[in-house]
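*Asks:* Okay, sequence plus prediction incoming.
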Amino acid sequence: MESDKHQAERKTLDERAKMTELERIRHSCAHVMATAILRLWPDAQFAAGPPVENGFYYDVDLQHRISPEDFPKIEEEMKREIKANRVFEKIVVTREQAMKDAQSGRLGGLRERPAPSKFKIGNLEDIPEGEPISYFKNGDFIDLCAGPHVMRTGNIGAFRLTSVASAYYKGDEKNPQLQRIYGTAFKNKTELEAYFTMVEEAKKRDHRKIGQEMGLFAIDTEFVGPGLPLWLPKGAAIVEELERLAKETEFAAGYVRVKTPHIAKEKMYLTSGHLPKLYAESMFPPMEFREKQLTGEFAGAERIYQQAASAKQDIELDEEESWLIEHYNELREKRTPGTELSDESREYLASLPSDKAKEAVNCAMERFLVDLGRLSMKDKAEAMLPPIERYYLKAMNCPHHHRIFAAEPRSYRDLPLRLAEYGTNYRYEQSGELFGLMRVRSLNMNDAHIYCQPEKFTEEFNAVNELYLKYFKIFGLEKYVMRFSTHDPKRLGEKFVNEPELWIQTENMVRDVLKSSGINYVEVPNEAAFYGPKIDVQVWSAIGREFSIATNQVDFAVPKRFGLVYRDRDNTDKTPLCIHRAPLGTHERFIGFLIEHYAGNFPLWLAPEQVRVLTIGDDPPLVDYAKSTVAELRDNMVRASGDYGTDPIKAKIANAEQAKVHTMLVIGARDMAAHAVSVRLHGKGNVGAKPKGQVVAEILAAIKERLA
Ligand SMILES: [Zn+2]
Ligand SMILES: [Zn+2]
């Protein structure tokens, strides 16, 4: 049994009100499942039973280990409950009443029981003071629940139990381990069956399986590390094609390309706000070191340090000296203009006579400490060493791009400035969360940052959306939705930067563009990025499975933190807005998605092996003719190869089909005599002989136009 880490957070009342009909059906089905389990095992203790992506679960504590063999009898009881078509009755109670019922084992039960409803007591305690407390009751089953539910159990159209996992109560491993029973429900049987057909098909199209069969990527956990995919030549071919697509499209749309290093100093992320807290968990720990080349004030410090280490001349320090040593490194780090001193440092500096304080701020601290003269050699040397530098692997490209913006003076005439880069990011995902190409630790992002005047935002944002629609067409994505995440005013200054007016202003701008462009979108409160509203782009693969592939963000806060300005028409300095956009997401996730979408049968322009020329026999003139065909294609950058051996043509075709080669050109004596080739398409079979020149021209055109 796998431990389940996906703990659904307690929903707010707002979120509950927005639950879709399908979510209500699924959550209602969780109550019905609990009812059925209690009929079979009356002492079952229930914890939480929310709807989740693709279904629902309910956590239960029970002596009996529920296994899939138990599902038929649980489902039997559930059907009975649905057939009885009981009303989901909402009962509002006082906290005292609820506590009394929980103590008597009545909550999450069919009747009062000897043992209290221990998890419901915990859930009750989580309900904020002032929030109404309610039960939902179907038949004898009463649950502590804020709803919402469907009207009657009979509204649950069709359901199935799917799996069992283990999970800790409230997701905390200090709490008891529970059994998490998963199921799913739909409006009707047709939708339920379509869902399971899709799940079966998705298994066949699993990007990890196809990726291995086709030799697209490898994950070498022993030598390279988990979550760090290696692109094999065939996978790299797809990577390069996507990158070419992005380059061409962005070039036409007025982007300029930049290149940035994979690491940056801590100061970068303290300034962006990703550190110290907001994003720290998703970043790899820093690399810490002192610069080895000692220059100027630090020269010779290492030598002194070595001497001191053996001499060990310890001496008594007065209070002020001790404090200075203790806080020395901090003071030195904080001296950089533009960064802030800690409160403690500030207080101390304020307490110093002003000339001394000035000296400290300017960080002539080295000399100051040495001049004290009574410090040990070791302390002197330590004081003279260069500070410890902290570098981070970049988890996002924006800060680097911001520094590119800052590298030159900017005028309104330079805007919009659209900086594009397929940037490599590193994010620390827990090893248990890693999954093939979909959740990784190194990500190649189709990134760009558009710096624009606020008045140009609509135009720029529209252009970004156009880009998406263009890509959707190329990849044949018919169904998509843009999830527009906004802030929650109650969490300003905590989860979201405290700029109430800018939030409203920017969100209105985004909403207006989405509305007027007729793009399919939904609005999701409380899920914005900390610096601005966010749009997640969700697409459905050819088999109807949903993927989150890309994110756009509007940033009104971080450019300000970096002090980015442009000189406007009126000769004043203004802060630009920044649009973060990555329509093709990351290579990892996007190719993972494409593998499933195409089931590995990539269109010609993306196919790792585009053309294979197969000879009927190995007659030398025939082989020469075949080789010249391959050469002509390769001269035009087509990924073409030849199979000229003695194998029977049937076997050669079978091999090429197996490798999912897009186009096979079969050449026999008759083809050669007619300066022709016989064309065969993967999965489609023979499409007939054509003049060689025409076939080559058609292949080149199909690649150039990126035909599906
Ligand atoms: Zn409920
Ligand atoms: Zn960004």
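*Replies:* All right, it came through fine. Ligands and ions are numbered 1, 2, ... in the order given.
*Asks:* Downstream of the helix or strand hosting I74, the next helix or strand is which one?
*Replies:* Element membership for I74 (DSSP states H and E) is helix 71-83. Using DSSP H and E, the helix or strand that follows helix 71-83 in sequence is strand 89-93.
*Asks:* Strand partners (parallel or antiparallel) of that next one?
*Replies:* Using DSSP bridges, the strands paired with strand 89-93 in its sheet are strand 133-138 (antiparallel).
*Asks:* what about the helices in the stretch 551-700 of the chain?
*Replies:* Along the stretch 551-700 of the chain, the segments classed as helices by DSSP state H, counting those that start in this stretch run 558-561, 587-598, 620-635, 649-658, 669-673, 692-704.
*Asks:* Quick one: name the residues of the stretch 301-450 of the chain near ligand 2.
*Replies:* When proximity is defined as CB under 5 Å from the ion, the stretch 301-450 of the chain approaches ligand 2 at C398. In short, each C-beta sits where N, CA and C put it, glycine included.
*Asks:* for the chain, that is, sorry about that
*Replies:* With CB under 5 Å from the ion as the criterion, the chain comes near ligand 2 at residues 398, 580.
*Asks:* tally of neighbours for R483?
*Replies:* Residues near R483, counting by other CB atoms under 10 Å, number 16.
*Asks:* part of a strand, is it?
*Replies:* Yes: counting by DSSP: H, G, I helix; E, B strand; the rest coil, one finds R483 located in a strand.
*Asks:* Does it touch Y521 like I think?
*Replies:* Yes: with contacts counted by CB atoms under 8 Å, R483 reaches Y521, the gap being 7.2 Å.
*Asks:* Common neighbours of the two, please.
*Replies:* Where contact means CB atoms under 8 Å, 6 or more residues apart in numbering, the residues bridging R483 and Y521 through contact with each are I535.
*Asks:* quick check: mean pLDDT across stretch 504-522?
*Replies:* Within the predicted structure, the mean pLDDT of stretch 504-522 is 91.
*Asks:* residues in contact with that stretch?
*Replies:* Contacts made with stretch 504-522 from outside it, assessed by CB under 8 Å, 6+ apart, are listed as 457-458, 461-462, 465, 469, 480-484, 486-487, 523, 532-533, 535, 554, 556, 577.
*Asks:* Among those, name the buried ones.
*Replies:* 457-458, 461, 465, 480, 482-484, 486-487, 523, 532-533, 535, 554, 556, 577 (16 or more other CB atoms under 10 Å).
*Asks:* Quick check: closest non-adjacent residue to M283.
*Replies:* Nearest in space to M283, with sequence neighbours left out and distances taken as CB to CB, 6 or more residues apart in numbering, is A395 at 4.8 Å.
*Asks:* give me the subset of the contacts of stretch 504-522 touching ligand 1.
*Replies:* Of these, not one also sits near ligand 1 (CB under 5 Å from the ion).
*Asks:* For the stretch 501-650 of the chain, what lies in contact range of ligand 1?
*Replies:* Counting by CB under 5 Å from the ion, no residue of the stretch 501-650 of the chain lies close to ligand 1.
*Asks:* Smallest gap between the stretch 501-650 of the chain and ligand 2, at which residue?
*Replies:* Taking CB to the ion as the measure, the stretch 501-650 of the chain has H580 as its residue closest to ligand 2, at 3.4 Å.
*Asks:* hmm, back to that, narrow the buried ones among the contacts of stretch 504-522 to those in strands?
*Replies:* When these are checked against strands (DSSP state E), the matches are 480, 482-484, 523, 535, 554, 577.
*Asks:* And these, which is closest to K277?
*Replies:* Distance to K277 across those (CB to CB) is lowest for V554, with 22.2 Å.
*Asks:* quick one: the closest one and P576 touch, right?
*Replies:* No: between V554 and P576 there is no contact under CB under 8 Å: 11.7 Å.
*Asks:* Around ligand 1, which positions in the stretch 51-200 of the chain sit nearby?
*Replies:* Going by CB under 5 Å from the ion, the residues of the stretch 51-200 of the chain near ligand 1 are 136, 145.
*Asks:* ok now do the closest residue to ligand 1 within the stretch 101-250 of the chain, which residues does it touch?
*Replies:* Of all residues in the stretch 101-250 of the chain, C145 sits closest to ligand 1, at 3.2 Å by CB to the ion. Residues near C145 by CB under 8 Å, 6+ apart: 31, 134-136.
*Asks:* and the residue positioned nearest the centre of the chain, backbone torsions?
*Replies:* The geometric centre of the chain, computed from its C-alpha atoms, lies nearest to R439 (CA atoms, centre = their mean), at 7.3 Å. When read as degrees, to the nearest 10, the backbone of R439 gives phi -130, psi 110.
*Asks:* Which strand residues bridge it?
*Replies:* Legend: beta-bridge partners of R439 under DSSP bridges are F435.
*Asks:* List the residues that contact it.
*Replies:* Contacts were defined as CB under 8 Å, 6+ apart; by that measure R439 touches 227, 429, 433.
*Asks:* Point out the least confident one among those.
*Replies:* By pLDDT, E433 ranks lowest within the contacts of R439, coming in at 90.
*Asks:* gap between it and ligand 1?
*Replies:* Summarising the geometry, the distance separating E433 from ligand 1, computed by CB to the ion, to the nearest Å, is 28 Å.
*Asks:* Leaving out chain neighbours, which residue sits closest to that residue?
*Replies:* E433 sits nearest to R439 (CB to CB, 6+ apart), 5.6 Å away.
*Asks:* One more: V224?
*Replies:* If you skip the residues right next to it in sequence, V224 has L230 as its closest partner in space, 6.4 Å away by CB to CB, 6+ apart.
*Asks:* wait, Y531 sits on F562?
*Replies:* No: the criterion here is CB under 8 Å, and Y531 misses it with F562 at 11.3 Å.
*Asks:* Spit out the contact partners of whichever residue of the stretch 251-400 of the chain sits closest to ligand 1.
*Replies:* With CB to the ion as the measure, E281 is the residue of the stretch 251-400 of the chain nearest to ligand 1, at 31.5 Å. Taking CB under 8 Å, 6+ apart as the definition of contact, the neighbours of E281 are Y428.
*Asks:* what does the one 3 residues further on give?
*Replies:* F284 makes contact with 392-393, 395, 426-428, 441, according to CB under 8 Å, 6+ apart.
*Asks:* Tell me where the stretch 51-200 of the chain has helices.
*Replies:* Going by DSSP H, counting those that start in this stretch, the stretch 51-200 of the chain shows helices at 71-83, 95-103, 118-126, 189-204.
*Asks:* mind listing what's buried in the longest one?
*Replies:* Taking 16+ other CB under 10 Å as the neighbour-count basis, helix 189-204 is seen to contain the buried residues 192, 195, 201.
*Asks:* Could you point out the helix or strand that follows that helix?
*Replies:* As the chain continues past helix 189-204, the following element, by DSSP H and E, is helix 207-214.
*Asks:* The very next helix or strand once past that next one - what's its average pLDDT?
*Replies:* As assigned by DSSP H and E, the chain's next helix or strand after helix 207-214 is strand 217-218. For strand 217-218, the mean per-residue pLDDT is 98.
*Asks:* May I have the strands that pair with strand 217-218, each with its orientation?
*Replies:* Strands that pair with strand 217-218, judged by DSSP bridges, come out as strand 230-231 (antiparallel).
*Asks:* what about the chain, any weak spots by pLDDT?
*Replies:* The chain contains residues with pLDDT under 70 at 1-10, 292-386.
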